[in-house]
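1. Need a 3D model of the sequence below.
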Amino acid sequence: MRDQRHVSVAESLEPFLGRWRGSAELAASPSGPARTVEAEVVFTKAAGGHAVVQSYRHLEADGSHFEGHGVFTVDPDHGDTFWYYVDSIGKPPEAPARGHWDGGTLTLERHSPRGTSRHSFRIDGGELVHSGSLRKGTAPEFTRFLSARFRRA
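-> Below is the predicted model of the structure:
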């Protein structure tokens, strides 16, 4: 991967662009029990290649749905990737997640008074893999709450 300071966010996220369908394993939480849901995610270039918009949606067994929308952009001074994300749970983020590429994996962290969330995105054998973990307060370790795998639709 080239130095992120010299590529647009759309170039760095090029492998993710498009429509993906698959499933997400969700850990038990206040929003529901542990479960596996069918999901879809779409990544689209925006703002002349300076941003990539992410739209995620999954259906619950009871017919309700969850959706989230993100915007990725790159800090031109440091090469870090920013991820602004809001979802249908409704808690707006205090700040964007900030991350970087390590090989072919983009890992982002967001720190807030509630704790630290960590997400990673990568392509593995033609699949888009997204995992999410949370470390509440001052807990010493992260706990996985999301494991998703998608194939191009």
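
2. roughly how far apart are residue 19 and residue 83?
-> The gap separating residue 19 from residue 83 is 19 Å, by Cβ to Cβ, to the nearest Å. Heads up, the C-betas are built off the backbone N, CA and C, glycines and all.

3. higher neighbour count, the two?
-> Between residue 19 and residue 83, counted using other Cβ atoms under 10 Å, residue 83 has the larger neighbour count: 21 against 13.

4. who's that one bridged to?
-> Applying DSSP bridges to residue 83 yields these beta-bridge partners: residue 72, residue 97.

5. buried ones in stretch 42-60?
-> By 16 or more other Cβ atoms under 10 Å, the buried positions in stretch 42-60 come out as 42, 43, 45, 51, 52, 54, 56, 57, 58.

6. which SSE is the fifth one in?
-> Under the assignment given by DSSP states H and E, the secondary-structure element containing residue 52 is strand 51-59.

7. Using PDB, write out every CA atom in that strand.
-> Below are the C-alpha coordinates for strand 51-59, written out as PDB (Å, rounded to 0.1, in the frame of the first residue of the first chain):
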ATOM      1  CA  ALA A  51     -14.500  10.600   0.600                       C
ATOM      2  CA  VAL A  52     -16.100   7.200   0.500                       C
ATOM      3  CA  VAL A  53     -19.700   6.800   1.800                       C
ATOM      4  CA  GLN A  54     -20.600   3.500   3.500                       C
ATOM      5  CA  SER A  55     -24.300   2.400   3.900                       C
ATOM      6  CA  TYR A  56     -25.000  -0.700   6.000                       C
ATOM      7  CA  ARG A  57     -28.300  -2.400   6.600                       C
ATOM      8  CA  HIS A  58     -29.500  -5.700   8.100                       C
ATOM      9  CA  LEU A  59     -32.900  -7.100   8.900                       C
END
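
8. quick check, nearest of the buried residues of stretch 42-60 to residue 134?
-> Relative to residue 134, the closest of those is residue 56; by Cβ to Cβ it sits at 16.9 Å.
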